[in-house]
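Novice: can you look at this prediction? I've put the sequence above it.
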Amino acid sequence: MSASEPLPQALKVPEVSRFLNRANQIRSIKPAITYWCEYRAVNQIVTRNLHTSDDECFAFTKALIERLEATKADRADDDAIMDNTAGQAYVEQFAQETFDRAERAMRANKVTRQTADTFDAAATFFDLTHEWGTPEPEILKKIKFAKWNAARILKAIREGRDPNETNPVLEERPETLLEDLAVQPSETPLGARAASVEDVPDAGEPPSVTVPEGYFPSLSATTHVADSFAPSPLSQSSDLSGPGKPPPLAQVSPVQSPDVQASLPPAPQAIPKSPTRVVTSPSISAAPPPTTWATIPTVSPPPGPATVTQTAVPARQIVSPVANGRRPDFVPDLKQAQRHARFAVSALDFDDVQAAIEQLREALNKLGAQ
């Protein structure tokens, strides 16, 4: 199957095409991310029975499954592909790096059309985490925030306005911002559009950033199926109302993909359930996907820290509440600490020492260490 093979008409829906579009953008740069993008696309096709639309859709889906199997065979030593836990950590880390690149440009008030596409890419990569169950609330907030900013920037550019005039003020840490901003979740789909992120860093991005440049090759350097995709609603719509303030990230739902001709951004109706995990579909029996990829094992979080038996302290001994480096009124967040610890291990697998150090510091911070 060629990466430039046109997408059948019945598969030109955002739930499928946007993942294939991003997969082709970074195929030679981030093969593990490409694998999970295509994996997500196949699951969406089979879950929605799109492969039964016609013979062309069936053949395309079969070829895509075969390419996934070939990728696993060729990269059998890549933990980000072969190991579910490592894959989840790798996907989340890459999505966060992409999100941070766009956010840095916004903080510097240097956003461009490229920044909008980077926000769009970040939302798509964060959406991949649905393959491991319902994403954590923090990730759902970032998906909404990224989509809202992408829509806001593109709308301003279409209207001939400076998109930096409506940039939200980001003076706090991203974690604090995501908790405190009152943002209406946008149901605006970014859909599938041609790769448009230039092969240069976002404006306002400091030269010393550790995130590798060129995640998103320019159109001339990328072979993709974007020319057969349905145009992105964000790039087509021109009647979106002004965004005003950022939509609240406090109450969010997984991003839907309706047509976007309404105000930006509309309030969500309900939080949909995570897409059903895909198994071999009876209707695609002519070319059943190998069971080695079709079902993702449930990823269980690492067990909590073992209880440590401590020597009883004499009743008259007074221990300072901060003697062990923990804030006296702090409640440890074990789940988040375990999550950051997994990210650190994943970073070490790819020799990214700096990222591992940062993730370990975050883990210690979640445990209350100073």
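Specialist: Done, it's in.
Novice: how about the nearest residue to Leu348, chain neighbours excluded?
Specialist: Using CB to CB, 6 or more residues apart in numbering and skipping residues adjacent in sequence, the residue nearest Leu348 is Ala356, 4.8 Å away. Any C-beta I mention is one placed from the backbone N, CA and C, and that applies to glycine too.
Novice: what helix or strand does the one you found sit in?
Specialist: According to DSSP states H and E, Ala356 maps onto helix 353-366.
Novice: now do that helix, average pLDDT.
Specialist: Across helix 353-366, pLDDT averages out at 82.
Novice: report the buried residues of it.
Specialist: Buried positions in helix 353-366, judged by neighbour count with 16 or more other CB atoms under 10 Å: 355-356, 358-360, 362-364, 366.
Novice: low-confidence ranges, the protein, go.
Specialist: Within the chain, the segments meeting pLDDT under 70 span 1-4, 170-330, 370.
Novice: need the longest helix for it.
Specialist: helix 84-107 (DSSP state H).
Novice: taking helix 353-366 as reference, get the angle to that one.
Specialist: 90 degrees (axes from the mean of the first three to the mean of the last three CA atoms, to 10 degrees).
Novice: helices or strands next to whatever helix or strand comes next after helix 84-107 in the packing?
Specialist: Remark: after helix 84-107, the chain's next helix or strand is helix 113-127, criterion DSSP H and E. Applying 3 or more CB pairs under 8 Å, 6 or more residues apart in numbering; DSSP states H and E, one finds that helix 113-127 contacts helix 14-25, helix 31-47, helix 84-107, helix 137-158.
Novice: out of those, deepest packed?
Specialist: The highest mean neighbour count among the helices and strands packed on helix 113-127, using mean count of other CB atoms under 10 Å, belongs to helix 14-25: a mean of 26.
Novice: other SSEs contacting that helix?
Specialist: helix 31-47, helix 113-127.
Novice: give me that answer again for 10 Å
Specialist: helix 31-47, helix 55-74, helix 113-127 (3 or more CB pairs under 10 Å, 6 or more residues apart in numbering; DSSP states H and E).
Novice: tell me how far the closest residue to Ala355 other than its chain neighbours lies from Pro14.
Specialist: Excluding its sequence neighbours, the residue lying closest to Ala355 (CB to CB, 6+ apart) is Ala347, at 4.0 Å. If you measure Ala347 against Pro14 using CB to CB, to the nearest Å, the figure is 31 Å.
Novice: what angle separates the longest helix of the chain from helix 137-158?
Specialist: Using the same axes, to 10 degrees: helix 84-107 against helix 137-158 is 40 degrees.
Novice: what angle separates helix 84-107 from helix 31-47?
Specialist: Interaxial angle of helix 84-107 relative to helix 31-47 (the same axes, to 10 degrees): 100 degrees.
Novice: residues contacting Arg48?
Specialist: Contact partners of Arg48, counting by CB atoms under 10 Å, 6 or more residues apart in numbering, are 10-11, 13, 15-16, 275.
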